[in-house]
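Engineer: below are the sequence and a predicted model for it; my questions follow.
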Amino acid sequence: MTDEPDTAATGDSTTPETYYFVSDLHVGGDEQLGQVEFLDELLAFLRDLERRDEDAELVINGDAFGLWEFTQVDGVEKFDVLLDRYPDLFEQLRATGETTPITLIPGNHDYELAAHDEYVERLAEYNVTLEQAVSITRRVGDHVVYVEHGMQRDPGNRIPDFGNPYANPPGYFVNRQITSRAGRLSRRGRYDWLKDIQALTPMTLIPEWMLSNYFYREMSPWLRYASVPFLLLFNLGILYLVTVLLDVTGVWGAPMTAVEGALGLFGPVGLAVNVVLAVNLVVVLLLALLSVPLYVFVRDLRKTLRRFGLVRPATERDPDEPYLDAAREAFAADPEVAVFVYGHTHRGSLTTVGERVVLNTGTWLKRLRRVEVPLGVLPPVFYASYRLDCFRLSPAEDGSVVVDHDTVPKDDPADETLLERLLTRSPAPLEPVPDRTVVAPGTDRGVGSDGRDDG
C-alpha cells in the first residue's frame, strides 16, 4: 500500500450483509453547475432502496457534492446552499436512511467534508453517516471490500495533508478559476454548454473541447458554414498541390488533365470545387512557407502546456493503471481483501486481477467522448451520454462475494448540433460491465465473469 496516514474505517459488528456503491454525483456548484440533470433518477433510486426489504447499506465513495465549485460562499455555508437548492434530495436521503444506512466518504471535489467536523453533524440530521477517511473497508461474506475515492492516486488532486482545510491540491485551484467560472458564464453562450466542463475527462482535453464548441456553437453561423467546405477539402487541397506541382514541373501532366476533366463534368458544382481547391492551394503554400517557424512555436507551446498539465505526453499510461497497481498492493497486503472499489476517473468498469476484482464506480454526470471528423481538418466532436452505474455486493452461501452491476436508465441528451451529426458518427457504446461476477479467491472457481481481465 501507499504511505497514506491510517485513516481507514471499518464497519462495526452490526454491519449489513449487502452494500450498494455509487460515486461522483457532483451535486452543487456555482450557477449552471448547480443543475442536477439526473435528479429524478437519483430520487427514484433512493426511494427504491428505501422500500427494499434487505439488510443493506448505501456507500457513496466520494464526490457526492461539488463543494469546490462553490466560490460565492465558504465553509459549512455551502451545506445551507445545498439544502436550499435540493430540498427533495435531502428529504429523500433522510427517508432512505431510516431503513437503509447511508455512508459517505469525501472525494476531492467535496474534500471540505473531511476538513470541517460540522459536516458530520449536519449530514447526520439527514441520516447520512460521514466518515472523514481516505478509505474504508466493509466485510462481505468471508472477504473484505476496500473502498476509496481515488484522488490520492492522482498527482493533480492528491490531498497532501488529509483533514487540513488548507491542504488543497492543484485541482482545487483549477476548479476555482476555471470550472466554477464556467458555471457562471455558461448562460452567455449561444448554447448552454460551458456547464458541461465537469463531464470532460481528462481535463487535458479542455483546449480541444473549447475549440470544438467555439466552432460548432459560438462561431458566427455564416462564417462557420462558409469555412466548412474549405476545411473539409483541405486534405484534398494537399493532393491538388502535388498534382499542380507535377504538372508545372513537367514531370507528369496526366493527373492534372484528369482532375480538370472530372471537375468539368459537374458544371457549376465542379467550378465551385475548383475554387475551393484553389483557395486551399494558396493556404497550403502559405503554411509550407511558415512550417518551420510554426513547428518551433507549436513545439514550444506544447512543452509549456505539458508543464501546466494541460497536455499529456504521448507515452502517458492509462489513467486507471495507478488504481490497478494500488489494488494489487492491497490484495498482497491483506489476503482477505477480495474487491477494491474506487471512483474519481468517471469511467465505470470491472477488472479482474487474478482471482480478485477492481471496481470503478463511474459517475452519474453526463460524459463527453471525443470523436474525430474523418475528412479535412475540422475540430473533433464531443458526444454526450449517460451511464448511471451502481454496484451491489452481497455474500453467497459459500462466503464468496457476488458483484451485481446495474445501470439506472437514462436517455442520452442528444446535445450535438446538426452539423456535428452530419460530419461524424456517434461513438460505439461504452465497454459493458458484466451483470454478475462471483469473486471467490482461494477456491477453484476464481472469478466467474467475462469482465476485463488484467491477469
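Structural biologist: That came through, no problem. Numbers count the residues shown, from 1 in each chain.

Engineer: identify all contacting residues around whichever strand or helix holds residue 255.
Structural biologist: Assigned by DSSP states H and E, residue 255 belongs to helix 254-264. Defining contact as Cβ atoms under 8 Å, 6 or more residues apart in numbering, one finds that helix 254-264 is touched by 240, 243-244, 246-247, 270-271, 273-274. Placement of C-beta: from N, CA and C, glycine included.

Engineer: burial check on the nearest residue to residue 403 once chain neighbours are set aside, number of neighbours?
Structural biologist: In space, and not counting its chain neighbours, residue 403 is closest to residue 437: 4.3 Å by Cβ to Cβ, 6 or more residues apart in numbering. Each residue near residue 437 was counted by other Cβ atoms under 10 Å, and the total is 23.

Engineer: what strands flank the host helix or strand of residue 437, and is each parallel or antiparallel?
Structural biologist: In this structure, residue 437 sits in strand 436-440 according to DSSP H and E. Partners of strand 436-440 in the sheet, by DSSP bridges, are strand 401-408 (antiparallel), strand 446-448 (antiparallel).

Engineer: rebuild those as a markdown table, extending it with mean pLDDT.
Structural biologist: Shown next, in a markdown table, are the strands paired with strand 436-440 (pLDDT from 0 to 100):
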| stretch | mean pLDDT |
| --- | --- |
| strand 401-408 | 97 |
| strand 446-448 | 55 |
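
Engineer: can you lay out these as CSV showing distance to residue 234 and mean neighbour count?
Structural biologist: Formatted as CSV, these follow (distance: least, Cβ to Cβ, whole Å; neighbours: other Cβ atoms under 10 Å):
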stretch, distance to residue 234, mean neighbour count
strand 401-408, 40, 19
strand 446-448, 49, 18
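
Engineer: can you pull out the helices in this structure?
Structural biologist: 39-51, 77-85, 87-99, 112-115, 118-124, 170-174, 180-185, 206-213, 221-232, 234-248, 254-264, 267-307, 321-333, 418-423 (DSSP state H).

Engineer: show me the one of these that comes nearest residue 368.
Structural biologist: Closest to residue 368 of the helices of the chain is helix 206-213 (Cβ to Cβ; 7.1 Å).

Engineer: give me the neighbour count for residue 208.
Structural biologist: Neighbours of residue 208 (other Cβ under 10 Å): 15.

Engineer: could you check how far the nearest residue to it once chain neighbours are set aside is from residue 423?
Structural biologist: Excluding the flanking residues, the one nearest residue 208 by Cβ to Cβ, 6+ apart is residue 380, at 6.1 Å. Going from residue 380 to residue 423 by Cβ to Cβ, to the nearest Å gives 10 Å.

Engineer: which residues are in contact with each of those two?
Structural biologist: Any residue near both residue 380 and residue 423 by Cβ under 8 Å, 6+ apart counts here, and that gives residue 373.

Engineer: so for those two, which sits in the more crowded spot?
Structural biologist: Legend: neighbour count by other Cβ under 10 Å for residue 380 and residue 423, higher for residue 423 (23 against 20).

Engineer: my guess is that one contacts residue 377, does it?
Structural biologist: No - the criterion here is Cβ atoms under 8 Å, and residue 423 misses it with residue 377 at 11.9 Å.

Engineer: tell me who's in contact with the nearest residue to residue 224 once chain neighbours are set aside.
Structural biologist: Closest residue in space to residue 224, ignoring its immediate chain neighbours: residue 215 at 6.5 Å, by Cβ to Cβ, 6+ apart. Neighbouring residues of residue 215 by Cβ under 8 Å, 6+ apart: 224, 378-379.

Engineer: rerun that using 10 Å as the cut-off
Structural biologist: 223-224, 227-228, 231, 378-381, 419-420 (Cβ atoms under 10 Å, 6 or more residues apart in numbering).

Engineer: of those, buried ones?
Structural biologist: With neighbours counted by 16 or more other Cβ atoms under 10 Å, these contain buried members at 224, 228, 231, 378-381, 419-420.

Engineer: re the thing from before, let's have the strands paired with strand 436-440 in CSV, adding distance to residue 159.
Structural biologist: Formatted as CSV, the strands paired with strand 436-440 follow (distance: least, Cβ to Cβ, whole Å):
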stretch, distance to residue 159
strand 401-408, 28
strand 446-448, 32
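
Engineer: just so I know, which of those strands lies nearest residue 431?
Structural biologist: Residue 431 lies closest to strand 401-408 among the strands paired with strand 436-440, at 12.0 Å (Cβ to Cβ).

Engineer: shaky segments in the chain?
Structural biologist: Where the chain drops to pLDDT under 70, the residues are 1-14, 240, 287, 305, 308-317, 443-455.

Engineer: tell me the bridge partners for residue 405.
Structural biologist: residue 391.

Engineer: circling back to that earlier point, which one of the strands paired with strand 436-440 lies nearest to residue 138?
Structural biologist: strand 401-408 (10.4 Å).

Engineer: to residue 370, which of the strands paired with strand 436-440 lies closest?
Structural biologist: strand 401-408 (22.1 Å).

Engineer: report the angle between that closest one and helix 39-51.
Structural biologist: 140 degrees (axes from the mean of the first three to the mean of the last three Cα atoms, to 10 degrees).

Engineer: with just CA atoms, put strand 401-408 into PDB.
Structural biologist: Coordinates of each C-alpha in strand 401-408 appear next as PDB, following Å, rounded to 0.1, in the frame of the first residue of the first chain:
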ATOM      1  CA  VAL A 401     -18.700 -12.200  -2.900                       C
ATOM      2  CA  VAL A 402     -21.400 -11.700  -5.600                       C
ATOM      3  CA  VAL A 403     -20.900  -8.400  -7.600                       C
ATOM      4  CA  ASP A 404     -24.000  -7.300  -9.400                       C
ATOM      5  CA  HIS A 405     -23.800  -4.300 -11.800                       C
ATOM      6  CA  ASP A 406     -26.900  -2.200 -12.700                       C
ATOM      7  CA  THR A 407     -27.300   0.900 -14.800                       C
ATOM      8  CA  VAL A 408     -30.100   3.200 -13.800                       C
END
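
Engineer: format the helices of the chain as CSV; extra columns: distance to residue 57.
Structural biologist: Shown next, in CSV, are the helices of the chain (distance: least, Cβ to Cβ, whole Å):
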stretch, distance to residue 57
helix 39-51, 10
helix 77-85, 22
helix 87-99, 10
helix 112-115, 18
helix 118-124, 15
helix 170-174, 29
helix 180-185, 32
helix 206-213, 37
helix 221-232, 52
helix 234-248, 56
helix 254-264, 70
helix 267-307, 43
helix 321-333, 21
helix 418-423, 43
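
Engineer: restricting to C-alpha, output the helix holding residue 255 in CSV.
Structural biologist: Coordinates of each C-alpha in helix 254-264 appear next as CSV, following Å, rounded to 0.1, in the frame of the first residue of the first chain:
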residue,chain,number,x,y,z
ALA,A,254,-1.9,13.4,-66.8
PRO,A,255,-3.2,13.7,-63.2
MET,A,256,-4.0,17.4,-63.7
THR,A,257,-5.7,16.8,-67.0
ALA,A,258,-7.8,14.1,-65.3
VAL,A,259,-8.8,16.4,-62.4
GLU,A,260,-9.8,19.2,-64.7
GLY,A,261,-11.8,16.8,-66.9
ALA,A,262,-13.6,15.3,-63.9
LEU,A,263,-14.5,18.7,-62.4
GLY,A,264,-15.7,19.9,-65.8
